[in-house]
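Asker: Fold the following.
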Amino acid sequence: MLTDKLVSVVVACYKDEGSVSELLERLERVLGSITPNWEVIYVNDASPDNAEAVLLQKVKTHPRLTVISHSRNFGAQVAFFTGMAQARGDAVVIMDGDIQDPPEMIRDFAIKWLEGNEVVYGIRAKRAENVVRRIGYYLFYRLFRKLAYIDIPLDAGEFSLMDRRVVNVILACPERDLLIRGLRAFAGFRQVGIPFFRPQRFAGESTQSMLSYFMWAYKAITSYSLAPLRMITTMSIFFTLFLIILSLVFILLYISGKDAPHGFMTLAMLILGCSSVIMISLGIIAEYLGRLFVEVKKRPQPVLRTIVNDQRQDPLNWPGMVSEKADS
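Answerer: From the prediction side, this is the model:
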């Protein structure tokens, strides 16, 4: 045993029916080697497969397991937030339910945590992915770090252990459009990363398409960077200078008696160039405006359908939730 402190593990579950039994077995083994006090919180994000039924069977024989079900699919980031709010631990681990985040890493996380680090995150040093995706991940993380107004670790996903103080900071953030790794970096404190190999899903197929990855990357950058907005100003200055120079050239050509460039193609290229800049600028502004639109309405998030085997002494009052005891 490394400590007697309470460690909570939050698992986001979506299309992970085939991974539940394997992950629970491995979690019990590794957590039992760390502390006698631990809990596992599975957040079923309205998984369309049979994951909820499997979890409800498991909770009958696993007294330290809590199963939370969202009323609809809110996304993995909200699932992590739900589990973190429910967790009672002095440290909270968040991970995906597809076992691409190796549960055995939690012991290494705990050792670093006990050495005084408030955040210990996994660095995806190698991936069992095709070349195109590996290149995409590599470029995204480096672009994201360069553009973000906070220090974002390279190749680090949500898989991490966070001290209770960091968890409390994240839970205090009122935003609806969540990105846990960004909020984790925002919280600060002493943070350290541990490299690991990220395997393929244990069961089933990936739930993300290339388009969804692109949209997710766009969301991350516009959530933690003002660079796209500043790019509009840069483009505006560039085109203003270009038009001033072009005007001076036309004037000089007129004074010298030479013919200025003319013709339909010249006019069309100028119009198309200016129109493209305007449309790109409007698209960037619309993205930021859309985020404000979501935030200002302050709709409750998440909405829970059920929570089974609630371990808290002070149960949380989630919208729509029905609390159920596990059958013994």
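
Asker: Against Asn37, how distant is Val303?
Answerer: 30 Å (Cβ to Cβ, to the nearest Å). (C-beta placed from N, C-alpha, C; glycine too.)

Asker: Tyr149 against Ser225, yeah?
Answerer: Yes: applying Cβ atoms under 8 Å, one finds Tyr149 in contact with Ser225, separated by 6.2 Å.

Asker: out of these two, which sits in the busier spot?
Answerer: Ser225 (18 against 10; other Cβ atoms under 10 Å).

Asker: Tell me if the more buried one really is in a helix.
Answerer: No: under DSSP: H, G, I helix; E, B strand; the rest coil, Ser225 sits outside any helix and is assigned coil.

Asker: which helices and strands sit right next to the helix or strand that Phe81 is a member of?
Answerer: Per DSSP states H and E, Phe81 falls inside helix 76-86. Judged by 3 or more Cβ pairs under 8 Å, 6 or more residues apart in numbering; DSSP states H and E, the packing partners of helix 76-86 are strand 7-13, strand 38-44, strand 65-70, strand 91-96, strand 156-163, helix 164-172, helix 180-187.

Asker: rerun at 6 Å
Answerer: When contacts are defined as 3 or more Cβ pairs under 6 Å, 6 or more residues apart in numbering; DSSP states H and E, helix 76-86 packs onto strand 7-13, strand 38-44.

Asker: Which strands border the last one, and is each parallel or antiparallel?
Answerer: When you say that, I think you mean strand 38-44. Partners of strand 38-44 in the sheet, by DSSP bridges, are strand 7-13 (parallel), strand 65-70 (parallel).

Asker: okay, the angle between the helix or strand just after it and strand 38-44?
Answerer: Next helix or strand after strand 38-44 toward the C-terminus (DSSP H and E): helix 51-61. Computed with axes from the mean of the first three to the mean of the last three Cα atoms, to 10 degrees, the direction of helix 51-61 lies at 160 degrees from that of strand 38-44.

Asker: what's around Lys15, how many residues?
Answerer: Lys15 has 19 nearby residues by other Cβ under 10 Å.

Asker: from what I can see it touches Asn50, true?
Answerer: No: the criterion here is Cβ atoms under 6 Å, and Lys15 misses it with Asn50 at 10.1 Å.

Asker: mean confidence for the helix holding Phe81?
Answerer: The average pLDDT within helix 76-86 is 89.

Asker: And for stretch 91-107?
Answerer: 89.

Asker: Let me know the pLDDT of Met162.
Answerer: Reported pLDDT for Met162: 92.

Asker: Identify the bridge partners of it.
Answerer: If you apply DSSP bridges, the partners that Met162 bridges to are Val92, Val119.

Asker: Please identify the helix or strand for Tyr138.
Answerer: helix 131-147.

Asker: residues in contact with that helix?
Answerer: Arg127, Ile152, Leu154, Asp155, Ala217, Ala220, Ile221, Ser225, Ala227 (Cβ atoms under 6 Å, 6 or more residues apart in numbering).

Asker: Go ahead and measure how far that helix is from the middle of the chain.
Answerer: 15 Å (Cα atoms, centre = their mean, to the nearest Å).

Asker: Pass me the low-pLDDT residue ranges in the stretch 201-328 of the chain, would you?
Answerer: For the stretch 201-328 of the chain, applying pLDDT under 70 flags the ranges 201-213, 216, 257-269, 318-328.

Asker: Could you pull out the strands in it for me?
Answerer: For the stretch 201-328 of the chain, the strands defined by DSSP state E, counting those that start in this stretch cover 304-308, 322-324.

Asker: list the buried ones in the longest one?
Answerer: Which is strand 304-308. Leu304, Arg305, Thr306, Ile307, Val308 (16 or more other Cβ atoms under 10 Å).

Asker: repeat for stretch 89-96
Answerer: Using 16+ other Cβ under 10 Å as the test for burial, stretch 89-96 gives Gly89, Asp90, Ala91, Val92, Val93, Ile94, Met95, Asp96.

Asker: now swap in stretch 294-310 and tell me
Answerer: Gln301, Pro302, Val303, Leu304, Arg305, Thr306, Ile307, Val308, Asn309, Asp310.
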